[in-house]
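K.L.:
no FASTA, just this:
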Ligand code: CUA
């Protein structure tokens, strides 16, 4: 602030400087606060509609006593819904995530459903805007499109006990070719097992 401003400020404003009896400094601060409100409203609008920010909503309710053994979380992991669309079921429990690793092809749009059978946890995927509170008996859902190849660790963000820091997993975003190869590789392995079992039976 320059010296003349300070001097001017210390003087009582002359009557001709008052608007409706409001001190010019007070009027300026009122203008600043109105501008701030407009900026905040614009930021929320842009975040919500242009940048795709979502508030994690309460999607549905589940029975925390049976969620680990019945329904989609009994076999947690990734499922294909259609072309480029997937859903992932993740169980946050003391003190691990199931699954520990989620392999998705690049460009996959994934609906992520997380719940907990025991305590309150957090679910945050590093370097994404996926960050949810996980409450037992409630399903937290966010959608995310993975458009960058790499490893994105997910961590528990709510203190949940002695091994809280050990609660983590990884989203591996791979090329479509690698994803297809991994899937057919998994199929090959099971076929190989079947074959060896068949051979064992034939030999026995
Ligand atoms: Cu689960 Cu911290």
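P.N.:
Yes, it's here. What you are looking at is a predicted structure, and each value in this text was computed from that prediction instead of being measured.
K.L.:
ok, now which ones touch the residue nearest the centre of the chain?
P.N.:
Nearest to the mean C-alpha position of the chain, counting by Cα atoms, centre = their mean, stands residue 130 at 1.3 Å. Going by Cβ atoms under 8 Å, 6 or more residues apart in numbering, residue 130 touches 112, 123, 124, 142, 144, 154. Just so you know, the C-beta spots here come from the backbone N, C-alpha and C atoms, and that holds for glycine as well.
K.L.:
residues from the protein in reach of the ligand?
P.N.:
121, 156, 158, 159, 160, 164, 167 (Cβ under 6 Å from any ligand atom).
K.L.:
How much space separates residue 130 from residue 30?
P.N.:
In this view, residue 130 and residue 30 are 39 Å apart by Cβ to Cβ, to the nearest Å.
K.L.:
Keep only those of the contacts of residue 130 that are in helices.
P.N.:
Among the contacts of residue 130, no member is found in helices (DSSP state H).
K.L.:
Turn the residues you listed into CSV, including neighbour count, distance to residue 22 and pLDDT.
P.N.:
Formatted as CSV, the contacts of residue 130 follow (neighbours: other Cβ atoms under 10 Å; distance: Cβ to Cβ, whole Å; pLDDT from 0 to 100):
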residue, neighbour count, distance to residue 22, pLDDT
112, 24, 52, 94
123, 26, 50, 95
124, 18, 47, 95
142, 21, 47, 90
144, 20, 49, 93
154, 26, 53, 95
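K.L.:
Strands of the chain, residue ranges please.
P.N.:
Residue ranges of the strands in the chain, as given by DSSP state E, are 57-61, 77-82, 85-93, 96-98, 101-105, 108-115, 121-125, 131-134, 138-146, 150-155, 168-174.
K.L.:
hmm, back to that, show me which of the residues of the chain next to the ligand are buried.
P.N.:
Those of the residues of the chain next to the ligand that meet the buried threshold are 121, 156, 158, 160, 164, 167, by 16 or more other Cβ atoms under 10 Å.
K.L.:
Can you name the two of the residues you listed that sit furthest apart?
P.N.:
The largest distance within those, taken as Cβ to Cβ, falls between 158 and 167 and amounts to 9.6 Å.
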